[in-house]
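# sequence-free structure coming up:
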């Protein structure tokens, strides 16, 4: 159970990093990439897989 | 709003649309309700948690359909959904729970032996989330499922899975494989606890024979066969010979003593019951398959698998007709009926006499859907959900 919670914390941390990078990005190609990569992380946080 | 902010908002919105579609698909795969109309033979519907309390309320607290005849006799347990991605096994249990009538003895049926595994599909496998069987009253939809328990229910996997109690090293993900976790343990993972609960059921209900329904890829040598524990070799051999003579070719194999965790080995070693495992051919599982969709799952037709057969790479024949689901379910039903017949001839005091379940030729002629009942027209008290 502790490992599961740590896992979700790591996923949430990755989401925060990618959203932060998305906000700071100036290239639309990178923004699309961040959003695509975000999808599985967000679904994982919602326990949908 | 600046142009850059507008662009980001648009990209995020498009991503959200994709996330919604993907999320709905995953949600449907996990929470789709599959109705079972309990047939005239069902005396009681229990849950697995009644046999082992820690399973109660978990993803694997499966329904247990208990069919009972007026005359005392033996008890058979049929497990569908040990590997839910092998749908002929689960569909066979639907036909049993909805149609079987016991004249003597008892039949206990689990449609979802590993219910958790039926709520997930294989990562990167491009599996369909569900499949539908046509009936006279419409379509009945079933979850596709996978071979392993859902990681949402059991996680993380170990580096190496050490089977209990043999200590044999097995592949790490097989700690979530119901047919590698027998006989289970009370303080183990969800899948191990599920096997332990099933062993408690076998002991408490004094089960004589356990039938574990499976399917196999054509590139796997254990196919179109009955795998029998040494205690069940005579029964399996007689059924195999009779079926091959009268209905279709089916082999018989002895459960290897060195390969641990499987139902046909551990149930025989750790309980009084005789375990038998049925395998029918499922081209959907072959590595050389083409498009992995519900059509392939149900029709069993695949040009690439046919080509593999022409190159001598398969352990079962296949042609352009494929291996349709009706043929595969028909094989399981007829094999069970034949095993019941052989067992009852050899064990008069433990006989189990079942009627109402169609055989191979009948299922091919009518289709599996002809034996599924409309839950909308059934007495709501008779409708259960998997």
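Cool, the structure landed. Not measured: the values here are computed from a predicted model.
# And for the helix ranked longest in chain A, what's in contact with it?
Ranked by residue count under DSSP state H, the longest helix found in chain A is helix A:2-24. Here helix A:2-24 makes contact (Cβ atoms under 8 Å, 6 or more residues apart in numbering or on different chains) with A:30-31, A:34-35, A:37-38, A:41-42, A:44-45, B:8, B:12, B:155-156. Every residue, glycine included, has its C-beta placed from N, CA and C.
# In strands only, show me these.
Assigned to strands by DSSP state E, none of the contacts of helix A:2-24 qualify.
# ranges for the helices of the stretch 1-150 of chain B?
B:3-31, B:87-99 (DSSP state H, counting those that start in this stretch).
# tell me the most buried of those?
Across the helices of the stretch 1-150 of chain B, averaging neighbours per residue (mean count of other Cβ atoms under 10 Å in any protein chain shown) puts helix B:87-99 on top, at a mean of 27.
# Quick check: pLDDT value at residue B:270.
Confidence at residue B:270, expressed as pLDDT, is 98.
# Just list the residues touching it, thanks.
Applying Cβ under 8 Å, 6+ apart, the residues near residue B:270 are B:182-183, B:199.
# any chance of these in CSV, plus pLDDT and distance to residue B:290?
Converted to CSV, these look like this (pLDDT from 0 to 100; distance: Cβ to Cβ, whole Å):
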residue, pLDDT, distance to residue B:290
B:182, 98, 34
B:183, 98, 39
B:199, 98, 40
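# Counting neighbours, which of the residues you listed comes out on top?
residue B:182 (29 neighbours; other Cβ atoms under 10 Å in any protein chain shown).
# Which ones among the contacts of residue B:270 also lie next to chain A?
Among the contacts of residue B:270, no residue sits close to chain A (Cβ under 8 Å from any Cβ of the partner chain).
# Which of those fall within strands?
Those of the contacts of residue B:270 lying in strands (DSSP E): none at all.
# ok, the one residue in chain A that gets nearest to chain B to residue B:87 distance?
As assessed by Cβ to the nearest Cβ, chain B sits closest to residue A:35 within chain A, at 3.6 Å. To residue B:87, residue A:35 is 36 Å away according to Cβ to Cβ, to the nearest Å.
# where along the stretch 201-350 of chain B do the helices fall?
B:233-246, B:263-270, B:294-299, B:303-310, B:325-346.
# Run a quick neighbour tally on the residue of chain A closest to chain B.
Neighbour number of residue A:35 under other Cβ under 10 Å is 22.
# Can you verify my assumption that it contacts residue B:11?
Yes: here residue A:35 reaches residue B:11: they are 5.3 Å apart, a contact under Cβ atoms under 8 Å.
# Next up, the contacts around residue B:198.
B:48, B:51, B:79, B:110, B:113, B:184.
# Could you tell me which of the residues you listed are located in strands?
Filtering these for strands - DSSP E - leaves B:79, B:110.
# Which of the contacts of residue B:198 sits closest to chain A?
Among those, and counting by Cβ to the nearest Cβ, the member closest to chain A is residue B:184, at 20.5 Å.
# hmm, back to that, is it possible to export the contacts of residue B:270 to CSV including distance to residue B:380?
Putting those into CSV (distance: Cβ to Cβ, whole Å) gives the following:
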residue, distance to residue B:380
B:182, 36
B:183, 37
B:199, 33
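# And the residue nearest the centre of the chain?
You didn't say which chain, so I picked chain A. residue A:15 (2.6 Å; Cα atoms, centre = their mean).
# hm, I was asking about chain B
residue B:81 (2.6 Å).
# How about the contacts made by residue 31?
In the absence of a named chain, chain A is used. A:22, A:25, B:7-8, B:11.
# Chain B was what I was after
Counted by Cβ under 8 Å, 6+ apart, residue B:31 has contacts residue B:119.
# Likewise for residue B:272?
B:203, B:206, B:208.
# Make sure the last one is actually in contact with residue B:74.
Yes: using Cβ under 8 Å, residue B:208 makes contact with residue B:74 at a distance of 4.3 Å.
# what is in contact with the two at once?
With Cβ under 8 Å, 6+ apart, residue B:208 and residue B:74 have common neighbours B:343, B:347, B:350, B:352.
# So what's the residue count around the last one?
Read that as residue B:352. 24.
# From residue B:332, how far out is it?
For residue B:352 relative to residue B:332 (Cβ to Cβ), the value is 16 Å.
# Those residues of the stretch 101-250 of chain B touching chain A, which are they?
B:120, B:123, B:151-152, B:155-156.
# filter those residues to the buried ones?
By neighbour count, with 16 or more other Cβ atoms under 10 Å in any protein chain shown, these hold B:120, B:151-152 as buried.
# Count the residues that sit near the residue nearest to residue B:52 when sequence neighbours are not counted.
Excluding the flanking residues, the one nearest residue B:52 by Cβ to Cβ, 6 or more residues apart in numbering or on different chains is residue B:197, at 3.6 Å. Neighbour count for residue B:197, taken as other Cβ under 10 Å: 27.
# need the helix or strand of chain B with the lowest average pLDDT.
Using mean pLDDT, DSSP states H and E, helix B:3-31 stands out as the lowest-scoring helix or strand of chain B, at a mean of 90.
# Relative to residue B:12, how far out is the residue nearest to the centre of chain A?
Taking Cβ to Cβ, one finds residue A:15 at 13 Å from residue B:12.
# Repeat that for residue B:290.
From residue B:290 to residue B:12 the distance is 36 Å (Cβ to Cβ).
# cool, and residue B:337?
For residue B:337 relative to residue B:12 (Cβ to Cβ), the value is 58 Å.
# next one: residue B:85
35 Å.
# could you dump the helices of the stretch 1-150 of chain B to a markdown table with distance to residue B:246?
Compiled in a markdown table, these are given as follows (distance: least, Cβ to Cβ, whole Å):
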| stretch | distance to residue B:246 |
| --- | --- |
| helix B:3-31 | 40 |
| helix B:87-99 | 19 |
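# Let me know which of those is the nearest to residue B:190.
With Cβ to Cβ, the closest approach to residue B:190 among the helices of the stretch 1-150 of chain B belongs to helix B:3-31: 15.1 Å.
# Surely the residue nearest to residue B:52 touches residue B:53?
No: Residue B:197 is not in contact with residue B:53 according to Cβ under 8 Å; the separation is 9.1 Å.
# Report the closest residue of the stretch 1-150 of chain B relative to chain A.
Chain A sits closest to residue B:15 of the stretch 1-150 of chain B, with a gap of 3.6 Å, by Cβ to the nearest Cβ.
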